[in-house]
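Peer 1: Make a model of this:
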Amino acid sequence: MRITAVLRHRVPGLSKLPIIEPKSVAMAYARHSQQQWTRFYAISYKEGVILHEQHPKWRWGNVPPDIRLSLQERINARLQSEDIPEIDGFVLGWRMSRIFSWLQKQIKLRGRRFPKMFPERKLEDEDEDDGV
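Peer 2: Coordinates of the predicted model:
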C-alpha cells in the first residue's frame, strides 16, 4: 500500500510525494541543492533523534499536530539561518517517517546483535555539525 499526500505543484509533473519516494524526488520537491539537502538531513536527523528519545514508542503517525508544528518551526528556523529554503509539512513527514522507522529498527537490533552501536550520549548541544 502506498501512502500518499496530495501536494501543490512545486515540481513540474509532481502532484504528490509518496512516503516511499526516493530522496531525489523529495529533494526536488523541497527545491534544495545537494548541499542544502545534506544540511537539512543533518538538522532533521538531530531533531528526530531527540523527539524519538523522548517518546521511543511513537511512530511518526502518532506524533500530535502541535508537536509536529513546533518541530517544523524549529527545523525551518535553523534552515532559514543558513539561507536554505524552508520545508513544508509533507517534506517533514517524508523525512521523519524514515528517521522514526530507522530508529525503531536500531532499538530492536540494539540488544540482539549490536549492543554497543549507540553508546549512551546526550544530544543537547545542537549547534555542533556532525555531518549526519
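
Peer 1: Near F90, how many other residues are there?
Peer 2: Neighbours of F90 under the rule other CB atoms under 10 Å: 20. (Each C-beta comes from the backbone N, C-alpha and C, glycine too.)

Peer 1: For it, pull up the helix or strand it's in.
Peer 2: helix 89-110 (DSSP states H and E).

Peer 1: tell me which strands and helices that helix is in contact with?
Peer 2: helix 23-30, helix 34-54, helix 65-81 (3 or more CB pairs under 8 Å, 6 or more residues apart in numbering; DSSP states H and E).

Peer 1: List the buried residues of the second one.
Peer 2: So that's helix 34-54. Within helix 34-54, the residues that qualify as buried are 36-37, 39-41, 43-49, 51-52, counting by 16 or more other CB atoms under 10 Å.

Peer 1: One more: the last one?
Peer 2: Buried residues in helix 65-81, counted by 16+ other CB under 10 Å: R68, L71, Q72, I75, N76, R78, L79.

Peer 1: What is the burial count for the residue lying closest to G61 once chain neighbours are set aside?
Peer 2: Leaving aside its chain neighbours, G61 sits nearest to S97 (7.7 Å; criterion: CB to CB, 6 or more residues apart in numbering). Using other CB under 10 Å, S97 has 18 other residues around it.

Peer 1: right, and S97 touches V63 too?
Peer 2: No: using CB atoms under 8 Å, S97 is not in contact with V63; the gap is 9.9 Å.

Peer 1: ok so, going back, in CSV, list the buried residues of helix 34-54 along with distance to G89 and pLDDT.
Peer 2: Output for these, formatted as CSV (distance: CB to CB, whole Å; pLDDT from 0 to 100):
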residue, distance to G89, pLDDT
Q36, 18, 96
W37, 18, 95
R39, 19, 96
F40, 14, 96
Y41, 17, 94
I43, 16, 96
S44, 13, 95
Y45, 18, 95
K46, 19, 95
E47, 14, 95
G48, 15, 94
V49, 20, 93
L51, 15, 94
H52, 18, 91
